[in-house]
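Undergrad: predicted coordinates and the sequence they were generated for:
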Amino acid sequence: MTQVDSLDPILLTVITNRLEGITREMGAGMLRSSRSPIFAENRDFVTAIFDRELRMVAQTAYIPVLMGASPFAVRAISDRFAEDVHEGDVMILNDPYHGNNHAPDITVVKPVFFAGRLQFWVLTKGHHADIGGGGTAGRNPDAKTAWEEGLRIPPARLYQSGKYNRDLWEMILLNVRLPILVEGDLQCQVGACNVGERALWELLRHYGCAEVDAAMEEILRRSEAQMRQRIREIPEGVYRAERPLEHVLDKHSGKRPTIRLQIEIHGNEMVFDFAGTDAQIPVYYNSSFPNTVSSCYIGLFSTIASDIKVNHGSMRPLLVDAPLGSLVNPREGAPTTQCTVATCGTIVEAIWLALAQAVPHSVQAGWARSSAGAGAALNSRSGRYGAFILHFTKGGGGATFGFDGWSHISPVSSMGGSRVPDPELHELTFPHRILRYEYQNDSAGAGKWRGGYGACVWLQFNDATTTLSIQPGSCAEETAPFGLAGGRAAPPGKIKMRSASGEVIEVSEAGLYHPRQGDVAEFYSAGGGGCGDPYERPVDAVFDDVVAGLVSVENAARQYGVVIDPKTVTVDLEASQKMRQRRALVDV
Amino acid sequence: MSFKLGVDVGGTFIDLALADQTGQCRLYKTLSDPEDLAGALLAGLEVAARDQDLSLLQLLSQTELIVHGSTVATNTLLTKTGAKTALVTTQGFRDVLNMRRGLRANLYDPKQSPPVPLIPRHLIFPVEERMDSEGKELLEIREDALRRFSASVIASGAESIAVGFLFAFLNSSHERMVGANLNKLKPQLHVSLSSEVLPEVRLYERVSTTAVNAYVTPILARYLESLERRVKQAGFAGKLLIMQSNGGVASCDVGKRLGVGSILSGPAAGPVAAIRYGCIYGLANVISLDMGGTSLDVCLIKNGEIEITKEMEIDGYRIALPLVAVHTIGAGGGSIVKVDARGLLQVGPESAGSSPGPVCYGRGGKQPTITDADLLIGYLDPNRFWGGRLELDIAAAQDAFRRQVAERLGMDVVRAAYGAFQVVNANMVDAIREVSVRRGHDPRHFLLVAAGGAGPIHASAIARELEIPLVLIPRDASVMCAVGQLLSDLRHDFVRSYLTAVDKVDPDRVHGLFAEMSAQAIETLRSEGIAQENINLLLSADVRYLGQFTEVEVPLENDVLTPEGIERLLSEFHRRHEALNGYRMASAPVEIVNLRLVGTGIVAKPRFASDKSRGGQLSAALIGRREAIFEGGRTEVPVYDGHQLPAPCHINGPAIVEQSTTSVVVEPGYQLTCDDFGNYLLYREKLTLEDILAGLRESAK
């Protein structure tokens, strides 16, 4: 038993900051040496340290949805190998039914031994350029089962007691389309684990195991106490909400699979109960249980606990109950690729809508769901295929009491942690031309605090080598980012394919496309939802957006009651006041 | 007699280093005036002149060179007091600057706003034009369109214009056409072209750097014009050079055109000085540490070369120019000590700065700071601070620590103050790890040069933590940057994008691009008065494995990239990649991304004056004993007057050596010697300096 009472509070700060520093050190190595734009440019990975009891003690989350699921992966690996864990082992896992979010995110962990004893586990998890299966760039909208989505890797050893497990590496690399990228990123994950291991050895040598153990125990205790205190401040009760997924089950009824959530607050504990959520579907939106739990953490931390460190202590007070066989806890075999983005977003929306009934001032209006494409195309310079994710289409963030939403920041699963590729590098790498990449006017939800703006992206194909998996998000009235406290929902986004001959198809369902030369994909991502009555937005703030070309003169009048003379571009204050008063009278 | 002057103009102090013909250097520290920096500088020069028994006119008329570092550009950006700036960009890409690549630093916080745009959207003017990814014109700028948008740009009232078009780094003709037309219509407009500021791939990075340039340059230019005029009026007829963020200096005219290059004008000089201190002992691997009132600047120097970065962001604004890789954290004497929501003691990043300053200054500061902690644990003398010009209020510091820190942690005041000392040291250790361990360097193989007002207090504790074998504290540590200004060569960075697989390199094209850059470099340096024989050109290429996103810079011996040249480039690239990232891929295809050229103009440098004549007894320098706190507890330690110490001399820790603006703390288990140049050296007791130097030189091989 460690002696918490005697722990020096200064040493506690030093060790805590050091553990967090080590996770950043691990991430820096990955950013520097990766060959996949998904790691190096988009930063689609996380790093973390677990103690020997598998409790997460420190982490750096570039993409939060990957973080909350990582304890499940470490547990699955530890369970699988039990007593058979040795110094120099490096383990891998990607299967969503063994503790992972979804298949393209590969988890690599390494047990860290010190003085012959297991002390820590270090973890990295990141999104790979390909994972085999049907589809492209790890996305297969046509998959009806997990086996069509890609290779399923159970807990396995990449290295055994320091020895390279060649059989497994070759097995994996033979089953993916872009083996050079996948091998490179696996190497870079193993390297990051080695960096973490070396730094932890140094920490243990310097302070001793007992002090480090005591510090971790104490920091987890304090984080838990902080989170419980925050929960206690939420009015006790049961809060319910539901949100539909983008996918339409049946064209005639227009019915969409729906996530139903009931949040129960009892004292310093909270339960997120998903009873009543629709059954799993044979389309890639099912959320593996780890992904569901991780999405719950995003909903919670982004609302009442943004200043609390994410670790085992602060995660503990939240209990998640998800019925087996439902969208949020599918039985083994259901496809899951879109859960990290689309389903995570839907779960977070339900959490925010439920919590809005309890702590309205802390909650944000809806963020745009990811409405994007990913794919692969021939790089004529290298003569090889490369993979891309079109993060150019990031939409708007939702407003909250006191603050407008951020523009071009979504989806919620990354919370603004994923970086958009550079348009020049994209054109230099892929046979595409970007015709437009800028804010879309009138895309934000109106409010006293408005949502952020979405983007308009036009991508032209210069040859016929591209395979594109398109994924609409927030493209229907029911799925558009919701408003709060009188704030308006953002208008739905759109995706169109315009052929070289001028034919236009609107894309409303996820699907695979093979554009021909001269075709243009047009993405209009939604903005964020607004918060508060738009008529209470200061006239100057509305005017600024009109001058910036982001709100049209018509919308300024219709949504905000601000009358602007389009010729002189000046506000007609008198007319505006009248308009705002008239609405007030109607409301009474 | 002819003088050279290094000046560091900050918001709180003006630091001056005055070197005479013989290379003797005198140092001065005077108060600054943010409202009239040029006036404060002249007042400082008066002080230096009086000390030399000269009038200001006499001093300045005998001065041949002033090298000037300032915080003008930085503060313009930090305080948002730049020029009214407009941006002209490619139609369809209006918001690239303010989209900031869709990132935000603080992920979960719902209550935050993005940084205020330097250029609001209504001042961003899209133009119908387009180049393709090979630099070929896809859409020309029509005459009538040019007229139309030029008129609106002028009508907007902007005084500075940034122009940033897609692929302008490959073909700048459209940018040049727009710039020329705007200047024809309104000659006093300041125009910054992205193809001139940073002709390099990556649109956001290039446009953001150009926007910052457009924003700060008019302000810096106005200051430099007034400074030039006033020193000239005061009798100065020599050359005025500006310290650049890349560790070199440039002419005033460059400063007036490329203000963004001066954004780290102040801190960039520290590492330059640190290199020279290392040279005294033949050490080329140095970590420089400058701990001032609000921040700590750390920089790593390997083989005598300052690490340069292109990844800098200042207050949320991205600057992708090559800058001295100074890692800055909020850890200075003024950093605020507090207990956070978790009940953990934290230091910074907020700072009480110089106004209101630490509680003990008695100037209205209410929150306890590191300087207060250093006072409470006996490292500073309340009656001798800044040569006795500022009496420190120990009771007020105690009171603030008791109420705001000690009581919340359930410990006594001195323990809490020592805790703050330990926590800020841990943060400083982390900053050094950031530039060393995290970039693959072992700090145990480096000399630590510690400067700034607070650096010498913390240096030996930090060295112990990181097992750094040797610390050098410059004689006047608090003005190291001013010394650095005098030691800097002129330096200009040039870059051309040339994206190509190594097996498809066109040697003629490479030769042409390097020829273009060297002509530019030589012309600039000649116009700054550098003779041909003092011009050095360094060539390099940014290289990566095909598909990678981060390049490794590989130096080139010449511009000849024939198959043999490529062979050499490749082997050096693989070697560097392995050293940096831990692996190489010998058979993977490799590509070049950019070609770079650094033009350096070597200037004559003052020497450190050796001062062997300082005889006398150590006991004569002993001014008393006082209690101070160390890891082992409370100890009575001898206190020496640094200005009276004989050279050479030898002091065993624990001990304190007092300087006019700081103290050098010698931790238990450490010893201090004073060298012939008046610098202090700190290292482990029971070791000899010769052994340590031999070890450091050995590890550098």
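TA: Okay, I see it. Numbers count the residues shown, from 1 in each chain, chains lettered A, B, ... in the order given.
Undergrad: buried stuff in stretch B:111-129?
TA: B:114, B:117-119, B:121-127, B:129 (16 or more other Cβ atoms under 10 Å in any protein chain shown). Any C-beta I mention is one placed from the backbone N, CA and C, and that applies to glycine too.
Undergrad: contacts with chain A among those, please.
TA: Restricting the buried residues of stretch B:111-129 to those touching chain A (Cβ under 8 Å from any Cβ of the partner chain) yields B:114, B:121-122.
Undergrad: what's the closest of the buried residues of stretch B:111-129 to residue B:489?
TA: Nearest to residue B:489 out of the buried residues of stretch B:111-129 is residue B:118 (Cβ to Cβ; 31.5 Å).
Undergrad: pLDDT score for that closest one?
TA: Residue B:118 carries a pLDDT value of 94.
Undergrad: what residue lies at the spatial centre of chain A?
TA: residue A:413 (1.7 Å; Cα atoms, centre = their mean).
Undergrad: one step back: looking at the buried residues of stretch B:111-129, which is nearest chain A?
TA: Taking Cβ to the nearest Cβ as the measure, chain A sits nearest to residue B:121 out of these, at 3.8 Å.
Undergrad: now the closest one, nearest residue through space, not along the chain?
TA: Leaving aside its chain neighbours, residue B:121 sits nearest to residue A:548 (3.8 Å; criterion: Cβ to Cβ, 6 or more residues apart in numbering or on different chains).
Undergrad: gap between that neighbour and residue B:617?
TA: 74 Å (Cβ to Cβ, to the nearest Å).
Undergrad: again, but for residue B:371
TA: Distance from residue B:371 to residue B:617, by Cβ to Cβ: 32 Å.
Undergrad: between those two, tell me which one has more neighbours.
TA: Comparing residue B:371 with residue B:617 by other Cβ atoms under 10 Å in any protein chain shown, the one with more neighbours is residue B:371, at 28 against 10.
Undergrad: quickly find the element holding the more buried one.
TA: helix B:370-376 (DSSP states H and E).
Undergrad: identify the residues contacting that helix?
TA: B:331-335, B:337, B:347, B:357-361, B:380, B:382, B:392, B:394, B:397-398, B:400-401, B:413-414, B:417-418, B:420-421, B:424, B:454, B:457, B:663 (Cβ atoms under 8 Å, 6 or more residues apart in numbering or on different chains).
Undergrad: from the residues you listed, which land in helices?
TA: The helices, defined by DSSP state H, take in B:394, B:397-398, B:400-401, B:413-414, B:417-418, B:420-421, B:424, B:457 from these.
Undergrad: among those residues, pick out the one closest to residue A:172, please.
TA: Distances from residue A:172 to those, taken by Cβ to Cβ, are shortest for residue B:424, at 46.6 Å.
Undergrad: what's the burial count for the closest residue to residue B:190 other than its chain neighbours?
TA: Once flanking residues are discounted, residue B:190 sits nearest to residue B:160: 4.2 Å by Cβ to Cβ, 6+ apart. Other residues within reach of residue B:160, judged by other Cβ under 10 Å, total 25.
Undergrad: what distance do you get for residue B:160 to chain A?
TA: 19 Å (Cβ to the nearest Cβ, to the nearest Å).
Undergrad: who are the contact partners of that residue?
TA: Counting by Cβ under 8 Å, 6+ apart, residue B:160 has contacts B:82-86, B:189-192, B:214-215, B:217-218.
Undergrad: from these, which has minimum pLDDT?
TA: Among the contacts of residue B:160, pLDDT bottoms out at residue B:82, giving 93.
Undergrad: ok, it touching residue B:211?
TA: No - using Cβ atoms under 8 Å, residue B:82 is not in contact with residue B:211; the gap is 9.8 Å.
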